[in-house]
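Participant: Let me see the structure of the following:
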Amino acid sequence: MIDVDSDELLSIRAAELYYEENKTQDEIGLILSLTRWKVGRLIAQAKASGFIRIEIVHPRARRPVLERRLREKFGLQDAIVVSTAGLDAFDGEAAAAVEMQSRTAHAAAEYLTLLRPSPRSLGVSWGHTVHAVAQQLRQGWAHGVSVVQINGSVSLTRSAGVAAQAAVTIAQKGAGTATLLPSPAILERRETRLAIESDRTVAQVLAAAAGASAYLFSAGPADESSVHVASGYLSLEEMAALVAAGAVGDVVGRFIDASGGVVDDDLDDRTLGIRLAQLRAAAVAIAVISGPAKHEIARTVVASGLCTVLITDENTALELLDQT
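Facilitator: The predicted model follows:
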């Protein structure tokens, strides 16, 4: 009769010697008086029984199990999940948030570089995250890419938006050209938005944006940290009213509720850029979203079909999988 407990203990000991003491299978065989074949079988048994957990703790490491679960749960083409390992070593939440954004932006830059086929035209939104992705991209990530802004960006304050800089940087590093959208993100009146869109130059940019072969965008929370508040488009009172109406955040400047629907039709009619329906119909729409403040909007983006690819951090991924 086989002693199951004894066999289990042997597998654990073999695994300890192999993984923790860096012994070879031949050395383990001599220590335990077993053949090399038997040692290999015991180590495999320990792994299959769940006694072994291998974790890569480098800050740039990915979480493939979470990636697979996100793909399966939300029907995504792809998902990239960045490790949060080591964030507790940073001095304060703000520093940890900056590091997490940097890791996520780096992952997005690498994803763009490895994307095949490489996009001929790339539609980009604006904001701190897309700007960070642009900075992380390597020179030569693409060859002749056409980059086009997909929503208005002219800032109303001195803290200028980084849309133009991000789009130009992405294009320059990809040996391509950048087409900018010379318009505010939100206009005072619907009639003004229609008039600007009828301008030949703006109409051409919007047509190029609608025809992009891939999109890269982030999403913002519906709170005082929104770039639309910092850029002067919305007051704190207007933001509070949007939240009261059910807003969880914005995607390409369009504020949406938890189901992915527009929360304020008048505001949406005054917003210049591609429509959410165009993102939902895109063959490749890459959303780069990280941080606890964006958990709600991240959930809406993936659940309402606004992206085909999600690049996020480990904690956000767990929140999406556990709460959605």
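Participant: only C-alpha atoms for contact and neighbour calcs from this point on.
Facilitator: Fine.
Participant: just how off-centre is stretch 250-263 within its chain?
Facilitator: 17 Å (C-alpha atoms, centre = their mean, to the nearest Å).
Participant: now stretch 119-129
Facilitator: The gap between where stretch 119-129 is centred and where its chain is centred comes out at 13 Å by C-alpha atoms, centre = their mean.
Participant: In stretch 308-324, which residues are buried?
Facilitator: Judged by neighbour count (16 or more other C-alpha atoms under 10 Å), stretch 308-324 contains these buried residues: 308, 309, 310, 311, 312, 313, 314, 315, 316, 317, 318, 320.
Participant: Pipe those residues into TSV and attach distance to residue 210 per row.
Facilitator: Written out in TSV, the entries for the buried residues of stretch 308-324 read as follows (distance: C-alpha to C-alpha, whole Å):
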residue	distance to residue 210
308	16
309	18
310	21
311	22
312	25
313	29
314	32
315	33
316	29
317	29
318	33
320	29
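Participant: Now the two most distant members of these.
Facilitator: Maximum pairwise distance among the buried residues of stretch 308-324 (C-alpha to C-alpha): 19.9 Å, between 308 and 315.
Participant: At which residues are the strands of this protein located?
Facilitator: The residue ranges that make up the strands of the chain, judged by DSSP state E, are 78-82, 121-124, 146-149, 177-179, 214-217, 219-221, 249-251, 254-256, 285-288, 309-313.
Participant: which regions of the stretch 1-150 of the chain lie under the pLDDT threshold?
Facilitator: Along the stretch 1-150 of the chain, the parts satisfying pLDDT under 70 run over 1-5, 55-61.
Participant: list the helices and strands the longest helix along the chain packs on?
Facilitator: In the chain, ranked by residue count with DSSP state H as the criterion, the top helix is helix 93-114. Where contact means 3 or more C-alpha pairs under 8 Å, 6 or more residues apart in numbering; DSSP states H and E, helix 93-114 is packed against strand 78-82, helix 128-136, strand 285-288, strand 309-313.
Participant: Need these in a markdown table (columns: distance to residue 235).
Facilitator: Listed next are the helices and strands packed on helix 93-114 as a markdown table, based on distance: least, C-alpha to C-alpha, whole Å:
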| stretch | distance to residue 235 |
| --- | --- |
| strand 78-82 | 34 |
| helix 128-136 | 19 |
| strand 285-288 | 26 |
| strand 309-313 | 29 |
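Participant: out of those, nearest to residue 96?
Facilitator: Relative to residue 96, the nearest member of the helices and strands packed on helix 93-114 by C-alpha to C-alpha is strand 309-313, separated by 12.1 Å.
Participant: Show me the contact partners of the closest one.
Facilitator: 76-84, 100, 104, 107-108, 284-291, 302 (C-alpha atoms under 8 Å, 6 or more residues apart in numbering).
Participant: which phi and psi does residue 50 have?
Facilitator: Dihedral angles phi and psi of residue 50 (degrees, to the nearest 10) take the values phi 80, psi 20.
Participant: again, but for residue 264
Facilitator: Taking degrees, to the nearest 10 as the convention, residue 264 sits at phi -140, psi 100.
Participant: okay, now it: neighbour count?
Facilitator: A count of nearby residues for residue 264, using other C-alpha atoms under 10 Å, gives 17.
Participant: pretty sure it contacts residue 253?
Facilitator: No: under the criterion of C-alpha atoms under 8 Å, residue 264 is not in contact with residue 253, lying 12.0 Å apart.
Participant: one step back: tell me what angle the longest helix of the chain forms with strand 309-313.
Facilitator: Computed with axes from the mean of the first three to the mean of the last three C-alpha atoms, to 10 degrees, the direction of helix 93-114 lies at 150 degrees from that of strand 309-313.
Participant: Next, the angle helix 128-136 makes with helix 93-114.
Facilitator: Here helix 93-114 runs at an angle of 60 degrees relative to helix 128-136 (the same axes, to 10 degrees).
Participant: Now helix 93-114 - C-alpha only, PDB.
Facilitator: Below are the C-alpha coordinates for helix 93-114, written out as PDB (Å, rounded to 0.1, in the frame of the first residue of the first chain):
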ATOM      1  CA  GLU A  93      -0.100  57.800  -1.500                       C
ATOM      2  CA  ALA A  94       0.800  60.500  -4.000                       C
ATOM      3  CA  ALA A  95       4.200  59.100  -4.600                       C
ATOM      4  CA  ALA A  96       2.800  55.500  -4.900                       C
ATOM      5  CA  ALA A  97       0.200  56.800  -7.400                       C
ATOM      6  CA  VAL A  98       2.900  58.400  -9.600                       C
ATOM      7  CA  GLU A  99       4.900  55.200  -9.600                       C
ATOM      8  CA  MET A 100       1.800  53.200 -10.500                       C
ATOM      9  CA  GLN A 101       0.900  55.500 -13.400                       C
ATOM     10  CA  SER A 102       4.500  55.200 -14.600                       C
ATOM     11  CA  ARG A 103       4.400  51.400 -14.500                       C
ATOM     12  CA  THR A 104       1.100  51.300 -16.300                       C
ATOM     13  CA  ALA A 105       2.200  53.800 -18.900                       C
ATOM     14  CA  HIS A 106       5.400  51.700 -19.500                       C
ATOM     15  CA  ALA A 107       3.200  48.600 -20.100                       C
ATOM     16  CA  ALA A 108       1.000  50.600 -22.500                       C
ATOM     17  CA  ALA A 109       4.100  51.800 -24.400                       C
ATOM     18  CA  GLU A 110       5.500  48.300 -24.700                       C
ATOM     19  CA  TYR A 111       2.100  47.000 -25.800                       C
ATOM     20  CA  LEU A 112       1.900  49.600 -28.600                       C
ATOM     21  CA  THR A 113       5.400  48.800 -29.700                       C
ATOM     22  CA  LEU A 114       4.700  45.100 -29.900                       C
END
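Participant: All set, thanks.
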